[in-house]
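1. would you be able to build a 3D model of this:
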Amino acid sequence: MANSAQARKRVRQAERHRERNAAMRSMYRTFIKKVESAIIAGNADEARAALGRAIPVIDRMVTKGVMHRNKAARHKSRLTARVKKLAA
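-> Numbers count the residues shown, from 1 in each chain. Sure thing, here's the model as predicted:
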């Protein structure tokens, strides 16, 4: 267990950050799943709208440090390609 006051504070901060990051991670995964479910259903308009809502959330996770920028780019690229293929 942490002995100094500084170490105890860091433990409290780390716990708050862990909970916040877990909530944000869950949120962006939900947005991605909405796009994927629309793609699987074959609904191009719904998939395009869901992608439009998901991309800013994914970008926000990068700025907050929840997701690496390359992972975000990979998600956006793959989802966009699947939506374009569905629309064609």
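2. next one: stretch 37-46 to chain centre, how far?
-> When C-alpha coordinates are averaged (C-alpha atoms, centre = their mean, to the nearest Å), stretch 37-46 and its chain have centres 19 Å apart.
3. average pLDDT across that stretch?
-> For stretch 37-46, the mean per-residue pLDDT is 96.
4. mind listing what the spatially most central residue of the chain touches?
-> In the chain, the centroid-proximal residue (C-alpha atoms, centre = their mean) is Tyr28; its distance is 2.7 Å. Residues near Tyr28 by C-beta atoms under 8 Å, 6 or more residues apart in numbering: 54, 57-58, 61, 66-67. For glycine as for every other residue, the C-beta is placed from the backbone atoms N, C-alpha and C.
5. how about His75?
-> 32, 58.
6. switch the cut-off to 10 Å
-> Contact partners of His75, counting by C-beta atoms under 10 Å, 6 or more residues apart in numbering, are 28-29, 31-32, 35, 54-55, 58, 61, 67.
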